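Trainee: Here is a sequence with its predicted model. Questions after.
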Amino acid sequence: MKTLQTPGDTDTLIEVHIPVPPESVAYWTELCQAGGAQAVTLIPGENDPEWFREPGEPIPWKAPLLRCLVDDRHQARYLIRRLETCLQDHIDHWLVPVPDKDWIRESRNFFQPLLIHDTYWIRPPWQSETPDTRPALILEPGLAFGTGQHPTTRFLLDWLAMHP
């Protein structure tokens, strides 16, 4: 086990990274969820290419990692013990503290103005400017709506552009 540590991170969220065989990702995911992981994310391994896959497509990575989010180091140790007991074997893993940030504010950096049909922009309310003088529609991004990327939002934006 290797642990990446920062001072004073005993009460912070922890990611437990576990290399898993690509053919048994679903099994490992269920084990981690049953072991108390709040979230389990599949990510490429160190030498695997970045690649987005649709659900149901085969996993193209040779050495994928499961990134399991837990409350603290105590919960991380509990998860690892449960996995090792279930599998009756030692598992490779490492712990990565999750920095204490304002994740809402941090996520704002990812929202940029989006041009719709060369007609108007959509932008979040915290951005006061668009790249040119075309009109702007201000949308508050939410969990699944308001960025312009969700299909229902995009359908409405396309319709508005075609019916000024």
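Mentor: The structure has been received and is ready for your questions.
Trainee: Could I get the buried residue list for the lengthiest helix in the chain?
Mentor: Assignment by DSSP state H gives helix 73-87 as the longest helix of the chain. Of all the residues in helix 73-87, those buried under the rule 16 or more other C-beta atoms under 10 Å are 73, 75, 76, 79, 80, 83. For glycine as for every other residue, the C-beta is placed from the backbone atoms N, C-alpha and C.
Trainee: and whatever helix or strand comes next after that helix, which strands flank it?
Mentor: Using DSSP states H and E, the helix or strand that follows helix 73-87 towards the C-terminus is strand 94-97. Within its sheet, strand 94-97 is paired with strand 2-3 (parallel), strand 14-19 (antiparallel), according to DSSP bridges.
Trainee: Put together a markdown table for these, with distance to residue 103 on each row.
Mentor: Formatted as a markdown table, the strands paired with strand 94-97 follow (distance: least, C-beta to C-beta, whole Å):
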| stretch | distance to residue 103 |
| --- | --- |
| strand 2-3 | 23 |
| strand 14-19 | 14 |
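Trainee: of all those strands, which gets the most neighbours per residue?
Mentor: Ranked by mean neighbour count, the strands paired with strand 94-97 are led by strand 14-19 with a mean of 20 (mean count of other C-beta atoms under 10 Å).
Trainee: For it, the averaged confidence score.
Mentor: Average pLDDT, strand 14-19: 95.
Trainee: and the angle from that strand to helix 73-87?
Mentor: Angle between the axes of strand 14-19 and helix 73-87 is 30 degrees (criterion: axes from the mean of the first three to the mean of the last three C-alpha atoms, to 10 degrees).
Trainee: This protein: strands as residue ranges?
Mentor: Counting by DSSP state E, the chain has strands at residues 2-3, 14-19, 39-43, 65-70, 94-97, 114-116, 120-123, 136-138.
Trainee: What's opposite the closest residue to residue 16 other than its chain neighbours in the beta bridge?
Mentor: Distance criterion C-beta to C-beta, 6 or more residues apart in numbering; nearest residue to residue 16, sequence neighbours excluded, is residue 68 at 4.4 Å. Going by DSSP bridges, residue 68 is paired in beta bridges with residue 16, residue 40.
Trainee: So residue 68 sits against residue 18, correct?
Mentor: Yes. Between residue 68 and residue 18 a contact is recorded at 6.8 Å, counting by C-beta atoms under 8 Å.
Trainee: what residues do those two have in common as contacts?
Mentor: Residues touching both residue 68 and residue 18 (C-beta atoms under 8 Å, 6 or more residues apart in numbering) are residue 32.
Trainee: tell me the contacts of the residue nearest the centre of the chain?
Mentor: The centre of the chain sits closest to residue 41, judged by C-alpha atoms, centre = their mean, with a distance of 7.1 Å. By C-beta under 8 Å, 6+ apart, the contact set of residue 41 is 66, 67, 69.
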